[in-house]
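# Whatever this is, show me its structure:
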Amino acid sequence: HVEFATDAQYETADNLSILPRNCSDDVSMVVDALRLDASKQFSLETDEDKVPFPSPVAVNDALAQYCDLTAFPKRGTVAALVRAALSAGGDASKAPSNIDQKDAFSTWAKDAPTLARAVAKLKPLFSSVEDTTPVFATLLEKGPRLQPRAYTICSSAKADAELHVVCAIADLPHGQRGVCSAYLADLQVGDVVRGVVKPSAFRAPITKAPVVLIGPGTGIAPFRA
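Just a heads-up that it's a prediction; the model follows:
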């Protein structure tokens, strides 16, 4: 159960869309594998009208706030990282064989169920590269973006001074916690959270008659409100 101090206007059962941060362990895995300076600032240059995230930004913040390091690694992303490392002078003998082929990738990825762990598994190859900047650039380009998670607000603006959300921590099969639920569980008093209130179509009927409440897929949140 988390309570947010905010001036945002909302109605009962609206959604709070939260953009989480990756846990520090996942970020450190990537920083270590690519031998990056986590505090170094960099800017994005692109031919597109919009950049994928604001810059200049520190390496640590880019990985923590904008890259989905808990996503299952896609074959194309891993193959692109391997190609970038080889193009930058990496040792081909340390690259996984036939990584762009479905069967070979499925076997290779069995013990690398997240993008962060896949990058860490490629550390021997990256260690043979003098400058891993092109590999990091490839990760930013090809890797998935961290997406916001929506939680039904479980407080009432008429009764509560703060905005409340409630959720269970997701424990995934490979030992990884859900990125947003774990992020919320680890928050400390005073932390700033990036989020926006979005309206919901779920509304209680205006009636004095008895109402039967049936879970609509939002859990207990609107009923608590």
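
# C-alpha from now on. contacts and neighbour counts both.
Will do.

# Show me what counts as buried in stretch 152-160.
Residues of stretch 152-160 classed as buried: 152-157 (neighbour count, 16 or more other CA atoms under 10 Å).

# same deal with stretch 194-207?
Under the neighbour-count rule (16+ other CA under 10 Å), stretch 194-207 has 197-198 buried.

# for stretch 28-44, same thing?
Counting neighbours by 16+ other CA under 10 Å, stretch 28-44 gives 28-31, 33-36, 38 as buried.

# Over to stretch 98-113?
Of the residues in stretch 98-113, those scored as buried under the neighbour-count criterion (16+ other CA under 10 Å) are 99-100, 105, 108-109, 112-113.

# Look up how far Ala71 lies from Gln147.
11 Å (CA to CA, to the nearest Å).

# if we can go back for a sec, now, the most widely separated pair of the buried residues of stretch 98-113?
Of all pairs drawn from the buried residues of stretch 98-113, the one with the longest distance (CA to CA) is Asp100 and Pro113, at 16.6 Å.

# longest helix of the chain?
helix 75-87 (DSSP state H).

# Tell me the buried residues in it?
Buried residues in helix 75-87, counted by 16+ other CA under 10 Å: 75-86.

# what is the mean pLDDT for that helix?
Averaging pLDDT along helix 75-87 yields 96.

# The helix or strand just after it - contacts with which helices or strands?
Next along the chain after helix 75-87, taking DSSP states H and E as the criterion, comes helix 102-108. In this structure, helix 102-108 packs against no helix or strand, with contacts taken as 3 or more CA pairs under 8 Å, 6 or more residues apart in numbering; DSSP states H and E.

# after helix 102-108, next one along is what?
The helix or strand immediately downstream of helix 102-108 is helix 115-121, counting by DSSP H and E.

# outside of that following helix, which residues touch it?
26-27, 29-30, 32-33, 68-73, 78, 109, 112 (CA atoms under 8 Å, 6 or more residues apart in numbering).

# Run the chain-centre distance for that helix.
A distance of 15 Å separates the C-alpha centroid of helix 115-121 from that of its chain, computed with CA atoms, centre = their mean, to the nearest Å.

# just checking, what packs against whichever helix or strand comes after that helix?
The first helix or strand that comes after helix 115-121 along the chain, using DSSP H and E, is helix 123-127. Secondary structure elements in contact with helix 123-127, counted by 3+ CA pairs under 8 Å, 6+ apart, are helix 24-34, helix 75-87.

# could I have the last one exported to CSV, CA atoms only?
The reference is to helix 75-87. Output in CSV follows, covering the C-alpha atoms of helix 75-87 (Å, rounded to 0.1, in the frame of the first residue of the first chain):
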residue,chain,number,x,y,z
ARG,A,75,16.8,-12.7,-30.6
GLY,A,76,17.3,-9.7,-32.8
THR,A,77,18.4,-7.5,-30.0
VAL,A,78,21.0,-10.0,-28.7
ALA,A,79,22.2,-10.6,-32.3
ALA,A,80,22.6,-6.8,-32.8
LEU,A,81,24.7,-6.5,-29.7
VAL,A,82,27.0,-9.3,-30.8
ARG,A,83,27.4,-7.8,-34.3
ALA,A,84,28.2,-4.4,-32.7
ALA,A,85,30.8,-5.9,-30.5
LEU,A,86,32.4,-7.8,-33.4
SER,A,87,32.4,-4.7,-35.5
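
# Now tell me what touches that helix from outside.
Around helix 75-87, the neighbours that count as contacts under CA under 8 Å, 6+ apart are 92, 95, 99-102, 105, 118-119, 125-126, 129, 132, 134-135, 138-139, 142-143.
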